[in-house]
Structure formats: structure tokens, C-alpha cells
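In: Fold the stuff below for me.
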Amino acid sequence: MRKKKILFISAGLFPIPASRGGAVEELIDTFTENNAKEDRYDVSVASCAYGGPEIKKKTGGVKYYYFRTPFYISLADKVYYLYVDKILKDWRSMFRQYYFRSRHYIKKITKKLDLKEYDVIVVENNMSLLEKLAEAMGEDFDRRCMYHMHSDLVDNEEMIPYLARCRKILAVSDYVKDHLYDTVPEFRDTEIVKVTNGIRIQQYTEEERRELRRQMRSRYGIGEDETVYLFSGRVSPEKGVLEMTRAFADAQKEFRNKSRLVIVGSASSGSDKETYYYREVREAASRCPDSIIMTGYVKHADITSYHVMSDAQVVPSLMNDPAPLTVLEGMSMGIFLLLSRVGGIPEYSADYKNKIFFERNDAFEENIREAFLFFDREKAPHRYEESVCIFGEEIYYRELAEAVDVS
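Out: Numbering: from 1, shown residues only. Next up, the predicted model:
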């Protein structure tokens, strides 16, 4: 029996395999690696040009197609972004950073690949690719194209007709699914299916955890008697990092034990390039130079080391985060979670007891400060033995495989 052929079209911003990070890119790798074990589908992946100082091993049996962005396209994007951001002052400017790059990328894909040979085409988290893809595929677009929605935001209303035509929209949480049905009338006849996010769970013995914790704390000059709070993710406005940093600084005099805040991440995946916002966070952190550590970009494979060294993790999202993987990572490590009650976060953490929520309202900073002070590591130690995370990579692979298994 012929295996069904699936083409994943990545967003085109970071390479596949995920040598430069990116949550969506990591999820594509997760699917290809699990599919290699089960040999269920014949998988191809379209990606931006592969490169970087480190070459991540490709998944055996997967066909990779790479498309390079010419310099003049990148230059045009920079000029266009400045126009939208500085002249038009359009709040959607962050979604227009790669306008010409995306159009060039999908045009090259439609010319190089025979799209008719695929049973299913999954477009990952870049809806601007849909228009040109629909033009190239014609009626086959409606039967074969699926869009994997990793946010609750339709940032380009011009794409709504193409989203509505997709065979399915794959949503990362019930929150996203319900939000799309409630806010976009054009989707009333479109099938939206929840596909649960999953992560690779790193397993340690208790001895390995103790030694890794000692090593990591020693690297940053942190004593075992100190309480460590962790933020892990993109340092950008919607993630609430600035508010969290200010709240931690305000709480300094009231902590029971000497405490540290470790901010792991950069302004964008795979790069230490700074933005005005990152510099603003760093300035706020300078109020407590001995207590707040900013690591900059850290490879995804090393993130669990920071969970092991920490006592609690903070997820201070201001946006309605649909299904942040950092919450899953924290649960898999069994540490206490201080969570913003927004988006899909309550849904994903519903069965996890080692947590508290704080509200996103006019007193957001104060709410985070109170959450910091509420936590007492003597009463809420690591519960690694209780941290069996149901959101492993197997559930993600199974649900996505079932979603794309159409006749």
C-alpha cells in the first residue's frame, strides 16, 4: 500500500532541521523524527536555506528542499519594515518584516516542487504563503492544503479567504479553536481541529539532576541556599519580560531568601541581536545587578539545564499565548510555575498542581510581584517524581498524524 505523501512548508524564517531554534521548527523536527520510527508517511520539508556554524543532523528518509533569499530581497524587507513601522506606525509591522522574503520563498517552492504529487500540504505558521500557494494549486488547494495555526491572531485579514478554503486549520489548543470560530465568521464552514503541542522530555536520574544543578549554579555564582526564578523564551513585549523584571526588582527587600532571576533568551530565536526592548529589559535589570542574570540566546538543547538549576519558572505573558512550549518544559521538569492566566496556558497546565496563576489586568506588575513573594521553595520543592508530563512528543505526533490522514 502506497504511503501518503506529506509536504511541510515551514514559515521560511529559520532552517529545518532546527539548527537555529524556533518552537515551530522544533515541532516539525519532532514530527519527522517520530514518523521515521513508525514509517507512516512519506515526508518532505520545504525550508529556507540551510546554514549556520552548526549542522544539525537531518532525519533519515525525509526529503529536504532549501530556498535561499537573495540579498536584494532582504534589503527590500528592511526598507518596507521601516516604512510600515516608522511612517505608517502600523501595529502589525512585526508581521511585515519578511513580506518580500515570504513572497519570494513561496514562489520558488511552487516553481521547483510538483505540488500535485502530495496528498497533504501543511503550511506552518506563515499565512502570507497561502495566497500564492492557492494560485499555484487551484482547486487542489481546497482538498489538500492545511494551515497549522500556532497563534490566535489572524494578522493579515487579506488571508482570511484562503484560510477559510483550507482543507483543515490545525489549532494548537481549544482556546485557539474556539477563538477562531468566535471571531472569524468566514470560518463557520471550515474544519478546525485541535493538535496538542508536545515536547521531547529530557530524563535525568536524581544523581544527574543534583550534579547538573550544582554545575549550573556554580557557573553563575549562585549558592544552593538561594532561590532561583527562571524566565525562558523570547525577550519581546508580548511576553511580559519587562513587567516581570520590574516586579522582581520591587520585591527584592521582601524575599525570604536571597533570590535570583535568570532570564534565558534573546530578542529572536537563533540570534543575540538586540532590540530596543531587550535593552529596556537590561536597563531595568541593572537595578539589581547582583540578582538578575540575562544569558542571551541559549540553544534549545541546553534549556533543560536551566530548569534543573531553578526553583520556579515564570511565564508572564501579556498576549493570549496559545500553547507556549515553555510551560510544557517547566512541567516536564517538575518545578513550580508562576503563570499568567491568559490564552491556552490554563488549558495546558490544568492537571499540573505545582503552580499558581496571576491575573493580567491593570495591576499586572503588582500581581507578578505578589506571585514572586508567594512562592516558598521550602514548601514547594522540585517534584520531579511527580512530573510525568502528558505533553510528550508522542501525543503531538499522534494527533498531527491523525489530522493529516485524510482520503
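
In: For the longest helix that the chain contains, list every residue counted as buried.
Out: Longest helix of the chain, by residue count under DSSP state H: helix 23-38. The neighbour-count check on helix 23-38 (16 or more other C-beta atoms under 10 Å) flags 23-35 as buried. Glycine gets a C-beta too; all of them are placed from N, C-alpha and C.

In: can you check stretch 153-162 too?
Out: Buried residues in stretch 153-162 (16+ other C-beta under 10 Å): 153-154, 156, 159-160, 162.

In: Between these, which sits nearest Y277?
Out: Nearest to Y277 among the buried residues of stretch 153-162: L153, at 18.7 Å, using C-beta to C-beta.

In: And that closest one, its phi and psi?
Out: The phi and psi torsions at L153 (degrees, to the nearest 10) take the values phi -110, psi 120.

In: Okay, it and L130: tell me how far apart.
Out: Noted for L153: a distance of 15 Å to L130, by C-beta to C-beta, to the nearest Å.

In: ditto for V195
Out: In terms of C-beta to C-beta, V195 sits 18 Å off from L130.

In: quick one, which of those two is more surrounded?
Out: V195 (27 against 24; other C-beta atoms under 10 Å).

In: Give me the neighbour count for the residue nearest to A23 when sequence neighbours are not counted.
Out: Nearest residue to A23 in three dimensions, chain neighbours excluded: L325, at 5.1 Å (C-beta to C-beta, 6 or more residues apart in numbering). L325 is flanked by 21 other residues according to other C-beta under 10 Å.

In: Is it correct that L325 is in contact with I199?
Out: Yes. Contact criterion C-beta atoms under 8 Å: L325 and I199 qualify, at 5.8 Å.

In: Give me the pLDDT for E385.
Out: Note for E385: predicted pLDDT of 45.

In: Could you do the one 10 residues further on as well?
Out: I395 is assigned a pLDDT of 90 by the prediction.

In: pretty sure it is in contact with T196, am I right?
Out: Yes. If you go by C-beta under 8 Å, I395 and T196 touch, sitting 5.5 Å apart.

In: Between these two, which has more neighbouring residues?
Out: A count of neighbours by other C-beta under 10 Å puts T196 above the other of I395 and T196, at 19 against 16.

In: Need the three-state assignment for the more buried one.
Out: coil (DSSP: H, G, I helix; E, B strand; the rest coil).

In: Now do the same contact list for it.
Out: T196 makes contact with 172-173, 323, 391, 395-396, 399 under the criterion C-beta atoms under 8 Å, 6 or more residues apart in numbering.

In: And for H179?
Out: 152, 320.

In: begin at 244 from here
Out: Got it, the first residue is 244 from now on, which makes the last one we talked about H422.

In: Tell me the helix or strand right after the helix or strand encompassing H347.
Out: Of the helices and strands defined by DSSP states H and E, H347 is found in helix 342-355. Next helix or strand after helix 342-355 toward the C-terminus (DSSP H and E): strand 363-367.

In: Provide the strand pairings for that next one, with the direction of each partner.
Out: Using DSSP bridges, strand 363-367 pairs in its sheet with strand 248-252 (parallel), strand 388-392 (parallel).

In: Out of the ones you listed, which is the most enclosed?
Out: strand 388-392 (a mean of 25; mean count of other C-beta atoms under 10 Å).
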